[in-house]
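J.: next one to model:
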Amino acid sequence: MTEDQKALGLRRMQRLATGLLLAMLLLLGLSSVLETAHPWLHWVRAAAEAGAVGAMADWYAVVALLRRPLGLPIPHSAIIPKNKDRIGASLGRFVEQNFLTPDNILRKLEPHNVAQGVARWLADPRNSRRVAQAACDLIPGMLAAGSDEDLQRLVDRSLRPMLLKLDVSAIAGHVLGLLTRGGRQHAVLNQLMQALEAWLEANRGLITAKFGEASRYTPPMLDAYIVGRFVEGIVALLHEVAADPEHVLRQRFDTATLALIEDLKTSPDYRRRGRALLRQLAAHVKREGLYRLVWDDLRGRIEADLGAEDSVLRAHVAGALERLGQEVLDDPAVQQKLNAWWLETVRELVLRFRHEVSALIEEVVRRWDADDISRKVEQEIGRDLQFIRINGTVVGAAVGVLLHAATLALG
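T.: Below is the predicted model of the structure:
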């Protein structure tokens with residue numbers, strides 16, 4: 001219902017309630033004048049008198065709730081405007097304690113498989129394309145928002161000092177330690193040995209030629225023989241190391257790797273070298289303007305791609321979203337975990353921010369003008385308040401008749 005419709009309905013009810021009051025006053029006047037000629041009108045007079053009193057009493061009660069009756073400074077009137085701050089605080093606490101509770105909200109959310117619903121929606125190519133389109137539409141504006149000067153200032157003032165403070169050596173040590181945890185370095189060693197063997201076999205002729213250049217007084221056949229034996233010996237050693245998990249070279253590799261990791265983490269010399277390398281890199285990048293070149297190239301490529309009808313970036317984003325939705329849709333265990341995470345997140349958000357909602361309600365009500373809050377309340381519940389006046393008139397008239405009958409019976 002619109003504001004105008006609410007106001008129109010309120011005015012109709014006000015006219016009806018006021019019309020009943022005037023009708024009671026008119027009946028009271030007529031019955032009082034004509035009662036001598038028509039004695040039975042004493043019943044009408046009793047009903048009209050009590051109805052008028054009830055109507056006026058309820059009119060005063062309704063008006064005093066919202067404003068001062070007839071503008072007079074009557075005590076305990078204009079109750080809502082005078083107490084709006086306290087009402088706002090009480091309303092905020094009431095909403096917080098009775099509505100914004102984790103149990104109430106989770107009880108409403110738990111029956112729904114939110115993860116499945118979102119996944120099914122994303123798995124639809126039309127929806128995933130819409131999301132990708134909306135996300136990619138934001139990128140050009142974000143790219144245009146950062147001019148070259150802004151980017152340079154950001155790098156010089158923020159990112160560059162932060163990068164120079166990094167302990168590259170320690171970071172490299174921790175990363176290397178993570179990569180070699182559980183003997184993972186052996187897989188790396190095996191790949192290195194395979195790559196070395198392939199390189200040796202592929203470059204046997206080059207090695208022979210270089211050996212011949214270094215040994216000018218030996219015949220080519222001898223050079224080829226020596227190089228061949230050398231390559232075969234290296235390959236045989238690589239096969240031997242690959243076949244023996246306890247080979248001495250593997251043990252030496254492990255020892256050297258662990259020592260390197262420890263040195264990277266703790267050695268002051270490595271720390272100084274890492275920071276010096278960072279300083280040189282940062283100075284070179286700033287001197288050559290590389291980040292500006294990279295930024296210009298990257299921005300141009302992204303804008304050109306997004307401007308194309310068959311944008312690769314949009315297609316990748318849409319495809320990734322669609323695959324994500326389908327994977328979640330096909331895996332009930334993942335849905336269960338996502339729903340549990342979602343509900344726990346909602347619980348945490350409610351516990352953390354429900355006080356903010358309460359404070360917001362209190363603050364909004366406090367900012368309202370006294371006349372505004374009276375108008376808002378009257379617009380929302382004014383029709384019901386007018387029913388109070390109507391009921392007061394009708395009930396008052398009925399009680400007046402009953403009291404008059406009781407008086408006659410007792411008299």
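J.: okay, domains of this protein per the record?
T.: The record's domain parsing of the chain by automatic domain parsing lists 3-82+369-410, 128-324.
J.: among these, show the one with the smallest mean pLDDT.
T.: For the domains of the chain, mean pLDDT drops lowest on domain 128-324, to a mean of 81.
J.: the nearest residue to His76 once chain neighbours are set aside: how many residues sit nearby?
T.: Distance criterion CB to CB, 6 or more residues apart in numbering; nearest residue to His76, sequence neighbours excluded, is Ala64 at 7.1 Å. Backbone N, C-alpha and C define where each C-beta goes, glycine included. Neighbourhood size, Ala64 [other CB atoms under 10 Å]: 17.
J.: mind listing what Ala64 touches?
T.: The contact partners of Ala64, taken as CB atoms under 8 Å, 6 or more residues apart in numbering, are Ile74, His76, Ser77, Ala78, Ile79.
J.: which secondary structure element contains it?
T.: helix 41-66 (DSSP states H and E).
J.: do Leu91 as well
T.: Assigned by DSSP H and E, Leu91 falls within helix 84-98.
J.: now for that helix, which elements pack on it?
T.: helix 332-367 (3 or more CB pairs under 8 Å, 6 or more residues apart in numbering; DSSP states H and E).
J.: and the next helix or strand past the helix it packs on?
T.: By DSSP H and E, the next helix or strand past helix 332-367 is helix 370-410.
J.: that following helix relative to helix 41-66, how many degrees between them?
T.: When axes from the mean of the first three to the mean of the last three CA atoms, to 10 degrees is applied, the directions of helix 370-410 and helix 41-66 differ by 160 degrees.
J.: angle of helix 370-410 against helix 84-98?
T.: 90 degrees.
J.: what's helix 370-410 packed up against?
T.: helix 3-34, helix 41-66, helix 79-82.
J.: which two of the contacts of Ala64 have the greatest separation?
T.: Ile74 and Ile79 (11.1 Å; CB to CB).
J.: now the helix holding Leu91: buried residues?
T.: Within helix 84-98, the residues that count as buried by 16 or more other CB atoms under 10 Å are Lys84, Ile87, Gly88, Ala89, Leu91, Gly92, Glu96.
J.: repeat for stretch 206-224
T.: Residues of stretch 206-224 classed as buried: Ile207, Thr208, Phe211, Gly212, Asp223, Ala224 (neighbour count, 16+ other CB under 10 Å).
J.: isn't Gln116 up against Gln335?
T.: Yes. Gln116 is within contact range of Gln335, at 5.2 Å (criterion: CB atoms under 8 Å).
J.: okay, and the common contacts of the two?
T.: What both Gln116 and Gln335 touch, as defined by CB under 8 Å, 6+ apart, is the set Val328, Leu329.
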